[in-house]
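J.: fold the following, please.
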Amino acid sequence: MPKVVPEYKEEARSRILDAASRVFAEKGYHEATMEDVAKQLGVSKGALYLYFSSKERLFEAMSRTAPRAFKEILYSTFNTQANPIESASQFFDAMMKRFGSNPRLSLEILSEASRNPALRRVLRQNQEEYANGLASFLEGLRKMRLIDDNLELLPLAYSLIALWNGLETLVVSGLPVEEAKGAWLEGFKAIFLQHRLQQSVIGSKRIDKKTS
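T.: Got it, this is the predicted structure:
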């Protein structure tokens with residue numbers, strides 16, 4: 001009988017996925033084995049098969065965890081009361097802590113997806129979840145007059161995702177994290193704070209007309 005992971009099912013799945021992310025990032029998809037993941041956990045290989053039927057299924061499940069984490073970070077760092085630049089800074093730090101601690105993993109997933117249609121579908125679904133969730137969040141900001149009414153929210157969401165993915169790739173390539181953070185904040189200011197500045201100028205002109 002295989003040694004059973006000593007937690008409830010969902011907690012055990014989470015521990016397996018965390019261990020898998022470390023193994024796949026270190027060894028790459030093709031070199032990593034279920035036995036390697038089992039060793040990270042200190043259980044038998046057979047125990048993993050109680051949760052995942054193959055290495056491919058484990059890899060796909062690991063890739064599916066990202067959208068939920070992204071949504072949690074988004075809503076926990078941005079709020080209407082905080083300074084938007086401070087919120088954007090906290091978002092960057094939280095994302096780097098969650099995803100940047102294992103920088104090779106993202107590239108490994110993309111590399112494998114180029115050869116693996118099943119994983120490519122998972123990544124496409126993930127991107128759609130990212131974009132739709134972010135667009136919904138942006139709609140809330142629009143209702144508060146923080147985003148220009150003329151902007152198309154779904155394309156804007158994809159633009160922000162592309163900005164983040166590009167910076168993440170640059171960090172993997174050697175760009176210092178602080179420089180990447182600076183680029184993120186400048187991009188954020190260009191997209192969002194320009195609208196606030198325009199609104200402020202319009203408001204000032206209206207006040208001037210009333211007082212003149």
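J.: show me what the helix or strand that contains Arg142 is packed against.
T.: Per DSSP states H and E, Arg142 falls inside helix 117-143. Under the contact definition 3 or more Cβ pairs under 8 Å, 6 or more residues apart in numbering; DSSP states H and E, helix 117-143 sits against helix 55-64, helix 66-77, helix 103-113, helix 153-172. Placement of C-beta: from N, CA and C, glycine included.
J.: tilt between the second one and helix 117-143?
T.: Going by axes from the mean of the first three to the mean of the last three Cα atoms, to 10 degrees, helix 66-77 is angled at 20 degrees with respect to helix 117-143.
J.: same question, the first one
T.: Regarding helix 55-64 and helix 117-143, their directions subtend 10 degrees when assessed with the same axes, to 10 degrees.
J.: run the angle between helix 55-64 and helix 103-113 for me.
T.: Using the same axes, to 10 degrees: helix 55-64 against helix 103-113 is 120 degrees.
J.: any buried residues in helix 55-64, and which?
T.: Lys55, Leu58, Phe59, Glu60, Ala61, Met62, Ser63 (16 or more other Cβ atoms under 10 Å).
J.: what mean pLDDT does that helix have?
T.: Average pLDDT, helix 55-64: 88.
J.: ok, residues contacting it?
T.: Residues outside helix 55-64 that contact it (Cβ atoms under 8 Å, 6 or more residues apart in numbering) are 13, 16-17, 20-21, 24, 29, 32-34, 37, 48, 52, 109, 112, 116, 118-119, 122-123, 125-126.
J.: pretty sure Leu119 is touching Glu108, no?
T.: No. If you go by Cβ atoms under 8 Å, Leu119 and Glu108 don't touch, sitting 10.8 Å apart.
J.: would you point out the most distant pair within the buried residues of helix 55-64?
T.: Lys55 and Ser63 (12.7 Å; Cβ to Cβ).
J.: any idea how far Ala131 is from Ile109?
T.: 18 Å (Cβ to Cβ, to the nearest Å).
J.: these two: which has the busier surroundings?
T.: The neighbour comparison of Ile109 against Ala131 (other Cβ atoms under 10 Å) goes to Ile109, with 23 against 20.
J.: quick one, what contacts that one?
T.: Phe24, Phe59, Ser63, Leu119, Leu123.
J.: same check on Ile161?
T.: Counting by Cβ under 8 Å, 6+ apart, Ile161 has contacts Gln127, Tyr130, Ala131, Leu134.
J.: ok, now Ala69?
T.: Taking Cβ under 8 Å, 6+ apart, one finds Arg98, Phe99 in contact with Ala69.
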